[in-house]
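Asker: quick one: sequence and predicted model below, then my questions.
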Amino acid sequence: MIRSLALILTTAIPAAAQPPTVMTQSATGLPDAPVTDQFGNRMRFRDAVGDQIFVLNFTYTRCPELCGMADLYLTDIDERRDELDRPVRLVTLTLDPARDRPDDLLERHRDFGSPRDWLRLTGEPSQILPLLRRLGAWDGGPLEDHKLFVIVGDGHGRHMTRLEADPWLPERIFQIASDLAQHGK
């Protein structure tokens, strides 16, 4: 049902399908910073992503519009994990580290059914904002002007694909995750 809702909601986005942007980096090139998850556990961003396939989105808990759809995209992947050949880590990095604290992220996590292996991350703004810049998620502009996109990649940082919002985004996310799982790119 959530998958159907996500597909219905995404058809309202007035955008043509954009070709994915492939971001290839070495393992040492994967951005890193200290983060805290929704349970209050402290770790490094690279450790949160792990060495498995990941789907990363960017939201904030007080977002009035796009962030709910971004979470629905990851919910779709969560519902389809059993169709993949390898585990997939879901990661949401806040766009508003000054206000999104672990308790806020935990409430949002519970709102979406507390899926396993879905980490919602925050941290000190002085650490998170540069991380968001390196990931291409924030350009210093107003928070309300953020774009909806996800990054699908392997935890080794060898393959990362940025996907912009379009009506087919949930299926495109799944296809790239599936390809990575099957071929170990």
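Answerer: Arrived safely, thanks for sending.
Asker: against Val91, how distant is Leu56?
Answerer: Noted for Leu56: a distance of 5 Å to Val91, by CB to CB, to the nearest Å. Any C-beta I mention is one placed from the backbone N, CA and C, and that applies to glycine too.
Asker: sorry, that was for Gly157
Answerer: Taken as CB to CB, the span from Gly157 to Val91 is 14 Å.
Asker: what of Pro115?
Answerer: 12 Å.
Asker: neighbour count winner among the two?
Answerer: Higher neighbour count among Pro115 and Val91: Val91, with 23 against 14, using other CB atoms under 10 Å.
Asker: was I right about that one contacting Val49?
Answerer: Yes - between Val91 and Val49 a contact is recorded at 6.0 Å, counting by CB atoms under 8 Å.
Asker: between those two, which contacts overlap?
Answerer: Among the neighbours of Val91, those also in contact with Val49 (CB atoms under 8 Å, 6 or more residues apart in numbering) are Leu56.
Asker: on that earlier part again, and for Leu56 and Val91, which residues touch both?
Answerer: By CB under 8 Å, 6+ apart, the residues touching both Leu56 and Val91 are Val49.
Asker: what's the per-residue pLDDT of Arg23 here?
Answerer: Quick fix: residue 23 is Met, not Arg. Note on Met23: pLDDT of 51.
Asker: may I ask which helix or strand of this protein has the lowest mean pLDDT?
Answerer: Within the chain, confidence by mean pLDDT, DSSP states H and E is lowest for helix 2-10 among all helices and strands, at a mean of 40.
Asker: what bits of this protein have low per-residue confidence?
Answerer: Per-residue confidence for the chain (pLDDT under 70) gives these ranges: 1-29, 184-185.
Asker: any chance you could map the strands in it?
Answerer: Applying DSSP state E to the chain gives strands spanning 21-23, 34-37, 42-44, 53-59, 88-94, 118-122, 149-154, 160-164.
Asker: okay, those in a markdown table with distance to Arg80 next?
Answerer: Listed next are those as a markdown table, based on distance: least, CB to CB, whole Å:
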| stretch | distance to Arg80 |
| --- | --- |
| strand 21-23 | 22 |
| strand 34-37 | 23 |
| strand 42-44 | 26 |
| strand 53-59 | 11 |
| strand 88-94 | 9 |
| strand 118-122 | 13 |
| strand 149-154 | 13 |
| strand 160-164 | 16 |
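Asker: can you tell me which of these is nearest to Leu129?
Answerer: strand 88-94 (10.5 Å; CB to CB).
Asker: outside of that closest one itself, list whatever touches it.
Answerer: Contacts for strand 88-94 (CB under 8 Å, 6+ apart): 35, 45, 48-50, 52-61, 70-71, 74, 77-78, 81, 100, 105, 115, 117-122, 128, 131-132, 135, 137, 155, 177, 181.
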